[in-house]
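**Student:** fold the following and give me the result.
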Amino acid sequence: MSASYGIFPTFFLSGFECSTFVWKDQGRRDLVEETQHRYHAEADYALLRELGIAVSREGVPWPLVERDGEFDFSGLDPLLDAMNENQILPIWDLCHYGYPDDADPFADDFAERFARYARAAAEYVIPRSRGPHFFTPINEITFFGFAGGEWGWIAPFGRTQEDRYRLRLALCRAAIAGVNAVREVDPDARMVHVDPLILVVAPPDRPDLEDDARHETYDDTFFAWDVLAGKQHPELGGSAEILDIVAVNCYSFGQMEFRETGPHTALGPRDDRIEPLCKLLEVAWERYGRPMIIGETSGLGEGRPGWLNDVMEESLAAVDRGVELHGVCLFPAVDMPNWHDGEWLHNGICDLVKDEETGVLDRVRYEPYVAELRRWQRLLNRVTELDEDPYSDPIDLEEIVVAAKKLNHQPDVDWS
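**Tutor:** Now for the predicted structure:
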């Protein structure tokens, strides 16, 4: 492996849903408000501390902090206070699907505007939190392209493949500008570029769609990372240093059967077309050779413990094959609503239970999921609760490699 020590103070990470998109017919959404994360910030971060998790993805809500070219980041103060109190290191998402109402991602000045905002955000959060400092300029550029460019779910409500291609390229341009702006504030800031790692296959009766499915798996999936790395559209200024850390999102619905219109259909858990996650991780590693994390992963309902076990076995199989994996992010830490119907997904470390008298969303740990996390922390010789200074003893990745060799997990197509 190319590094002896890990990038993060703990191998397990977490995070909180922080989307601020304009959603179809519902207008502006603020998922931090919907999950009451701002209200529960202290308890939410105390939970991570108790679970031995020292890193959390957190959002700066661009549409809520910028008004008429001016910025007000004071709404982040409760989150910063809670993170500092519990010694949690943030990965700041600067654009989690949301941008100001008067911004246009297709406008000539969008990248410049985003860079101005990114610089201001960095100037605010960096002096107020312990380093090292991590940022995700634009979350899930590839998925953003589909949701906002082709499916019409979120602004800018595109409905064609051409709109999707235009949107993702505009987002790549803005992300690169954002990286450069943040590093004007802190040259050592690290970037965590998040996108889904997927597999798409053709329907059994449609061999004519095999090329389309293969293209989406091995070209579309990697387009944004390619541009950030300078492999495509080098005129935009991408490079290995811009790409930095590759964060792959992994969910059961990420292996799909191709549909010509609209979102694809998730493969069932015993579909013989499923590929081992280990293989997909190897594809990304071989393409970029950059440090990697699993940027988001979670099961649903009672499947959460089993899902974590499967993901860990596949991840360690990939480590044993040379993939430089620096962590696994259990996302979200607390439950989140299905964007479409508002029903709770039951995919968090904690479920949310509403107090009917007060309206408060109480956090209720899903103990089987916690127990599975504890089991893997022990197997990897990781801390189960943060000590007085979680940053004083960086992860030795060789310990992860040794554990992977000892456990000797093999890639398994029946992992989902």
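
**Student:** host element of residue 308?
**Tutor:** In the assignment (DSSP states H and E), residue 308 maps to helix 304-320.

**Student:** oh, that last question was meant for residue 226, not what I typed.
**Tutor:** helix 223-229.

**Student:** distance of the nearest residue to residue 66 once chain neighbours are set aside from residue 20?
**Tutor:** Nearest non-adjacent residue to residue 66, counting by CB to CB, 6 or more residues apart in numbering: residue 100, 5.2 Å away. Any C-beta I mention is one placed from the backbone N, CA and C, and that applies to glycine too. With the distance defined as CB to CB, to the nearest Å, residue 100 ends up 10 Å from residue 20.

**Student:** these two: which has the busier surroundings?
**Tutor:** When neighbours are counted by other CB atoms under 10 Å, residue 20 comes out ahead of the other of residue 100 and residue 20, with 26 against 17.

**Student:** which residues touch the residue lying closest to the more buried one once chain neighbours are set aside?
**Tutor:** Nearest non-adjacent residue to residue 20, counting by CB to CB, 6+ apart: residue 98, 3.0 Å away. Neighbour list for residue 98: 19, 20, 21, 22, 28, 61, 62, 63 [criterion: CB atoms under 8 Å, 6 or more residues apart in numbering].

**Student:** surely residue 243 touches residue 289?
**Tutor:** No - using CB atoms under 8 Å as the test, residue 243 is too far from residue 289 to be in contact (10.1 Å).

**Student:** neighbour-wise, which of these two wins?
**Tutor:** Neighbours were counted for residue 243 and for residue 289 using other CB under 10 Å; residue 243 has more, 23 against 13.

**Student:** and the gap between the more buried one and residue 284?
**Tutor:** 11 Å.

**Student:** same thing with residue 247?
**Tutor:** 10 Å.

**Student:** kindly report the same for residue 246.
**Tutor:** According to CB to CB, residue 246 stands 6 Å off from residue 284.

**Student:** residue 41 now?
**Tutor:** With CB to CB as the criterion, residue 41 and residue 284 are 33 Å apart.

**Student:** these two: who's more crowded?
**Tutor:** Remark: of residue 41 and residue 284, residue 41 carries more neighbours, 23 against 20, as counted by other CB under 10 Å.

**Student:** which one is the more buried one nearest to, not counting chain neighbours?
**Tutor:** residue 82 is the one closest to residue 41 (CB to CB, 6+ apart), at 3.9 Å.

**Student:** what of residue 141?
**Tutor:** Nearest residue to residue 141, sequence neighbours excluded (CB to CB, 6+ apart): residue 224, at 3.8 Å.

**Student:** list the contacts for that neighbour?
**Tutor:** With CB under 8 Å, 6+ apart, residue 224 has these contacts: 141, 142, 145, 168, 171, 172, 175, 193, 195.

**Student:** repeat that for residue 156.
**Tutor:** Neighbouring residues of residue 156 by CB under 8 Å, 6+ apart: 104, 105, 106, 148, 149, 163, 167.

**Student:** check those residues for burial and list the buried ones.
**Tutor:** 105, 148, 149, 163, 167 (16 or more other CB atoms under 10 Å).

**Student:** separation between the fourth one and residue 144?
**Tutor:** Between residue 163 and residue 144 the computed distance is 12 Å (CB to CB).

**Student:** one more: the last one?
**Tutor:** If you measure residue 167 against residue 144 using CB to CB, the figure is 7 Å.

**Student:** correct me if wrong: residue 277 contacts residue 251.
**Tutor:** No - when contacts are counted by CB under 8 Å, residue 277 is not listed as touching residue 251 (10.6 Å).
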